[in-house]
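Participant: just coords:
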């Protein structure tokens, strides 16, 4: 299947949801979903889908780029895109249009409603995000490439690591290596935390020098051809006290237990429970303060969420992270994270970086 065939199939699957909401068309305003359904990567675009037409609206900056990337009919608007969309709504005599209620501002919605009257807009929650949960072979191959580049960037950066290097310096070195290896850029702001700051799950790197005999946590993700990767590793800089080594051992066992539980038909909540059960035996569960993982793809956080309230069942073709962590204020924290794809019998760990405690 070539790229245009895959895009056409995605649009077909979305249009198949229209009868359930009694709508005759679907308006897509989130740029990430416009890209998913049309192939267009620009910064300004709206997609209007009907059973007979796929219209991509953009501005003159993309009059050459859009037709080259997308197989949709490209409409270049000189003014406000919403007004151009409204004129086509009237031209196509559309009466009822589904829209992404979770992806549009109230002001945009009000404006569209006014300029496209008397057409009615029907809110739909996360219809495209549900389609995106299952990755195609092409998407999985792209994520695999992103994961491999991500791991290589960290490996190259760590070759230049020395104690007393600042957290900001290490984060910059990692992102520089990503770019040199061909990434679009980081999938999120690289997290580098050392010492007690490792107890902050989303710590921002600082000018604080990385000291000897402490933990170093690095959470890094690259974007390659639009697709994200995500990995966390925790290192020892010099010697660690027994309490920190025990924490690392607990998190590693927790992560391995969660990975072992991943298979089609298992609920996301069950994966979360598998990770927490191990930490409970160590008396550390109360220090695990986030979910066990999340989907990823065109965005770093996608459905499904691997949390204790998530009843979605895993299916072959889903790509998720497995990332339990323990965070003890005044002591430090450990997180270990892999990107995995759900397969017919279990999962394939895409992340090649080892997980045994490495001393830098």
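Facilitator: On my side now, so go ahead. Please read these numbers as outputs of a predicted model, since none were measured by experiment. Numbers count the residues shown, from 1 in each chain.
Participant: now the helices for the stretch 101-250 of the chain?
Facilitator: Along the stretch 101-250 of the chain, the segments classed as helices by DSSP state H, counting those that start in this stretch run 106-115, 127-132, 137-158, 167-181, 242-261.
Participant: give the contact list for the residue nearest to residue 161 when sequence neighbours are not counted.
Facilitator: Nearest residue to residue 161, sequence neighbours excluded (Cβ to Cβ, 6 or more residues apart in numbering): residue 360, at 5.7 Å. C-beta: built from backbone N, CA, C; applies to glycine. Residues counted as contacts of residue 360 (Cβ atoms under 8 Å, 6 or more residues apart in numbering) are 158, 161, 163, 216, 235, 236, 237, 238.
Participant: ranking those by neighbours, who comes first?
Facilitator: Highest neighbour count within these: residue 216, with 27 neighbours (other Cβ atoms under 10 Å).
Participant: hey, least reliable of the helices of the stretch 101-250 of the chain by pLDDT?
Facilitator: Mean pLDDT per stretch puts helix 106-115 lowest among those, at a mean of 87.
Participant: hmm, who's touching that helix?
Facilitator: Helix 106-115 is contacted by residues 27, 29, 82, 83, 85, 86, 99, 121 when judged by Cβ under 8 Å, 6+ apart.
Participant: That helix: which residues count as buried?
Facilitator: By 16 or more other Cβ atoms under 10 Å, the buried positions in helix 106-115 come out as 112, 113, 115.
Participant: Chain neighbours aside, what residue packs nearest to the last one?
Facilitator: For residue 115, ignoring the flanking residues on the chain, the nearest one in space by Cβ to Cβ, 6+ apart is residue 86 at 3.9 Å.
Participant: I'd say that neighbour and residue 116 touch.
Facilitator: Yes - between residue 86 and residue 116 there is a contact under Cβ atoms under 8 Å: 4.0 Å.
Participant: And residue 319, how close does it get to residue 141?
Facilitator: To residue 141, residue 319 is 11 Å away according to Cβ to Cβ, to the nearest Å.
Participant: out of these two, which sits in the busier spot?
Facilitator: residue 319 (27 against 13).
Participant: can I assume the more buried one sits in a strand?
Facilitator: Yes - Residue 319 sits within a strand when classified using DSSP: H, G, I helix; E, B strand; the rest coil.
Participant: tell me the pLDDT at residue 203?
Facilitator: Residue 203 is assigned 96 on the pLDDT scale.
Participant: show me the contacts for the spatially most central residue of the chain.
Facilitator: For the chain, the residue sitting closest to the mean C-alpha position, by Cα atoms, centre = their mean, is residue 300 at 1.9 Å. For residue 300, the contacting residues are 187, 188, 221, 228, 230, by Cβ under 8 Å, 6+ apart.
Participant: Now, those that are in strands?
Facilitator: residue 228 (DSSP state E).
Participant: And stretch 288-300, what's buried?
Facilitator: For stretch 288-300, by 16+ other Cβ under 10 Å, it's 288, 291, 292, 293, 294, 295, 296, 297, 298, 299, 300.
Participant: Those residues: which two are farthest apart?
Facilitator: The span of the buried residues of stretch 288-300, defined through Cβ to Cβ, is set by 288 and 298 at 28.0 Å.
Participant: sorry, back to before: how about the buried residues of helix 106-115 in CSV, adding distance to residue 344?
Facilitator: Below are the buried residues of helix 106-115 laid out as CSV (distance: Cβ to Cβ, whole Å):
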residue, distance to residue 344
112, 43
113, 46
115, 49
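Participant: Might you report the residue contacts of the residue lying closest to residue 58 once chain neighbours are set aside?
Facilitator: Closest residue to residue 58 apart from its sequence neighbours, by Cβ to Cβ, 6+ apart: residue 45 at 4.7 Å. Residues counted as contacts of residue 45 (Cβ under 8 Å, 6+ apart) are 31, 34, 38, 56, 57, 58, 62, 66, 81.
Participant: at 10 Å what do you get?
Facilitator: Taking Cβ atoms under 10 Å, 6 or more residues apart in numbering as the contact definition, residue 45 lies against 28-31, 34-35, 38, 56-59, 62, 66, 70, 72, 74, 81.
Participant: Okay, and which of those residues map to helices?
Facilitator: Among the contacts of residue 45, DSSP state H puts 31, 34, 35, 38, 66, 81 in helices.
Participant: Return the helix or strand in the protein with minimum mean pLDDT.
Facilitator: Taking mean pLDDT, DSSP states H and E as the measure, helix 106-115 is the helix or strand of the chain with the lowest mean score, a mean of 87.
Participant: quick one: that one to chain centroid distance?
Facilitator: When C-alpha coordinates are averaged (Cα atoms, centre = their mean, to the nearest Å), helix 106-115 and its chain have centres 29 Å apart.
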